[in-house]
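[1] let's see this in three dimensions:
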Amino acid sequence: MEGAIQGLIEFVRAHEAWAAPIVLLLAFGESLAFISLLIPAWGALVAIGALIGASGISFWPVWLAGGVGAALGDWLSYWFGYKYKENVAQIWPLSSFPGLLLRGEDFVQKWGVPSIFIGRFFGPLRASVPLAAGIFEMDYWTFQIANVVSALVWAAALLLFGDVISLIIEWIWRTV
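    The predicted structure is shown next:
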């Protein structure tokens with residue numbers, strides 16, 4: 001898995017025009033309940049963020065692509081929860097993680113709408129909170145507003161974190 005992510009990062013370095021579409025797909029996969037359990041992509045997003053400053057890739061289209069991908073992933077997860085309710089727990093790979101959906105349901109019941117924003121930033125919750133919001137039939141537009149805002153903030157945080165790391169490494173390299 002690590003080799004594939006490294007190859008993807010090298011591809012983005014060599015083909016900067018593909019940065020935004022790749023970030024969109026990575027963010028979508030990281031936010032989609034089923035895929036995010038199998039392929040954690042946040043590390044690749046941070047690494048691509050590091051390439052932004054180091055190679056001059058424009059931040060804005062990559063950030064927007066990351067936000068759109070993350071929002072689409074959560075929207076689809078919400079839809080699955082809304083459509084399939086409790087049966088979603090029997091779908092693989094969620095069936096392999098029985099406590100995950102329960103934690104997401106407890107979190108949504110306790111925190112309500114802020115759970116969408118908070119859950120985006122915590123790995124296992126990122127996969128289960130949108131499903132739980134759909135299962136509990138959280139108001140669609142309320143969910144979508146929290147979804148889109150949190151997706152944009154999350155994408156910016158990961159990409160900027162990578163960019164800051166690259167700046168620190170560059171500063172250390174020049175200083176030493």
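
[2] state the next helix or strand along the chain beyond the host helix or strand of residue 102.
    Using DSSP states H and E, residue 102 falls within helix 98-111. Once the chain leaves helix 98-111, the next helix or strand it forms, by DSSP H and E, is helix 114-119.

[3] the helix or strand just after that next one packs against which elements?
    Using DSSP H and E, the helix or strand that follows helix 114-119 in sequence is helix 123-135. Applying 3 or more CB pairs under 8 Å, 6 or more residues apart in numbering; DSSP states H and E, one finds that helix 123-135 contacts helix 19-31, helix 33-36, helix 59-84, helix 98-111, helix 114-119, helix 140-175. In this view, the C-beta of every residue, glycine as well, is placed from N, C-alpha and C.

[4] that older thread, show residues contacting the helix holding residue 102.
    For helix 98-111, contacts defined as CB atoms under 8 Å, 6 or more residues apart in numbering pick out 37, 88-89, 94, 115, 118-119, 124-125, 127-129, 131-133, 135-136, 138.

[5] repeat for stretch 53-60
    Contact partners of stretch 53-60, identified using CB under 8 Å, 6+ apart, comprise 12, 13, 16, 19, 51, 52, 159, 163, 166, 167, 170.

[6] end to end on that stretch, go ahead and measure it.
    Using CA to CA, to the nearest Å, one end of stretch 53-60 lies 12 Å from the other.

[7] average pLDDT across it?
    Mean pLDDT, computed over stretch 53-60, is 80.

[8] also stretch 105-120?
    Taken as a whole, stretch 105-120 carries a mean pLDDT of 91.

[9] now do it: distance to the chain's middle.
    16 Å (CA atoms, centre = their mean, to the nearest Å).

[10] tell me the gap between the helix holding residue 102 and the middle of its chain.
    With CA atoms, centre = their mean as the basis, helix 98-111 stands 18 Å off its chain's centre.

[11] list the buried ones in it?
    Neighbour-count burial for helix 98-111 flags 100, 101, 103, 104, 105, 107, 108 (criterion: 16 or more other CB atoms under 10 Å).

[12] ok so, going back, of the contacts of stretch 53-60, which is the nearest to residue 71?
    Comparing those against residue 71 with CB to CB places residue 159 closest, at 15.2 Å.
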